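Undergrad: Quick one, what's the 3D model for this:
(one chain, ligands or ions: 2)
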Amino acid sequence: ARTAAVIPAAGRGVRLGPGAPKALRALNGTPMLIHAVRAMAASRAVSLVVVVAPPDGAPEVKNLLDTHALPERTDYLVVPGGETRQASVRLGLDALPDGITTVLVHDAARPLVPVDTVDAVIEAVRDGAVAVVPAVPLADTVKQVEPRGQGEPERVLATPDRAALRAVQTPQGFARDTLVRAHATVTGDVTDDASMVEQLGEPVVVVPGHEEAFKVTRPLDLVLAEAVLARRRA
Ligand code: CTP
Ligand code: MG
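TA: Numbers count the residues shown, from 1 in each chain. Ligands and ions are numbered 1, 2, ... in the order given. Below is the predicted model of the structure:
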């Protein structure tokens, strides 16, 4: 049961503001993508990491992987990404060799996920789940709103029971054949891979996520990520 990690890293990072593609931005001197690759390769179960690079950035990403220290027991591949996260993940899946039976999909934008979370996801797939997501309870109350025109206030439609909600992280883990079938079948906008498996009618199970698996999305998240790294080195 060989396991590969696909890392979509082809996004621009619009919400982070102007600058290099998000995955190439530095966190305490090291590109976010390298932190994310190390987080996957830290698991002894991961034998291959496929990085999905910005569409015109594959040579630069290959160079980054060559010039940063990475575990030698792991193989690395770089492929150019697509217009959407979904397209990028699919291009990563297309590059998987025979013999891989378990696939993790991990956002480059979650560079600090601890190895215990990675291993828990892999273990749940190996125990028979076809799809696994790490998730955490919500701190905020969530409202469903009715969209309004520009400048008009939104109106609240409902308040879902917070106790029944989870914020979902990555790496998400899958039986390879299930994830490939989901990407071949499901169309329409999705923001994670597990939702595509849900649309197939297949079960998705939850394992505990970790607060350090947060997604670097806005400028404040960079501050938090660098503080977490500094604390780890202390
Ligand atoms: N991603 C990708 N290909 C795309 C879009 C996103 O591989 N066409 C990746 C991002 O690089 C990131 C992950 O999907 O690692 C999660 O996406 P998100 O956090 O939304 O990153 P961006 O799309 O880069 O950010 P933004 O939405 O703010 O532009
Ligand atoms: Mg995005």
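Undergrad: and the gap between the residue of the chain positioned farthest from its centre and Val142?
TA: In the chain, counting by CA atoms, centre = their mean, Glu152 sits farthest out from the average C-alpha position, at 34.3 Å. Distance of Glu152 to Val142, computed by CB to CB, to the nearest Å: 21 Å. (Each C-beta comes from the backbone N, C-alpha and C, glycine too.)
Undergrad: How about residues contacting stretch 210-230?
TA: 15-17, 22, 25, 27-28, 32, 35, 107, 109-114, 116-117, 134, 136, 169-170 (CB atoms under 8 Å, 6 or more residues apart in numbering).
Undergrad: can you pull the buried residues of stretch 41-60?
TA: 41-43, 45-54, 57-58 (16 or more other CB atoms under 10 Å).
Undergrad: Kindly indicate whether the residue of the chain found nearest ligand 1 is helix, strand or coil.
TA: Here the chain gets closest to ligand 1 at one residue, Gly11, 2.0 Å apart by CB to the nearest ligand atom. Of the three states, Gly11 takes coil under DSSP: H, G, I helix; E, B strand; the rest coil.
Undergrad: Any idea how many residues pack against the closest residue to Pro31 other than its chain neighbours?
TA: Counting by CB to CB, 6 or more residues apart in numbering, Leu24 is the residue found nearest to Pro31 once chain neighbours are left out, at 5.3 Å. Using other CB atoms under 10 Å, Leu24 is surrounded by 20 other residues.
Undergrad: and Thr67, how far is that from Thr30?
TA: 11 Å.
Undergrad: These two: which has the busier surroundings?
TA: Thr30 (14 against 8).
Undergrad: phi, psi of the more buried one?
TA: phi -120, psi 130 (degrees, to the nearest 10).
Undergrad: Likewise for Gly173?
TA: phi -120, psi 140.
Undergrad: which of the residues in stretch 171-191 are buried?
TA: 171-176, 178-183, 186, 190.
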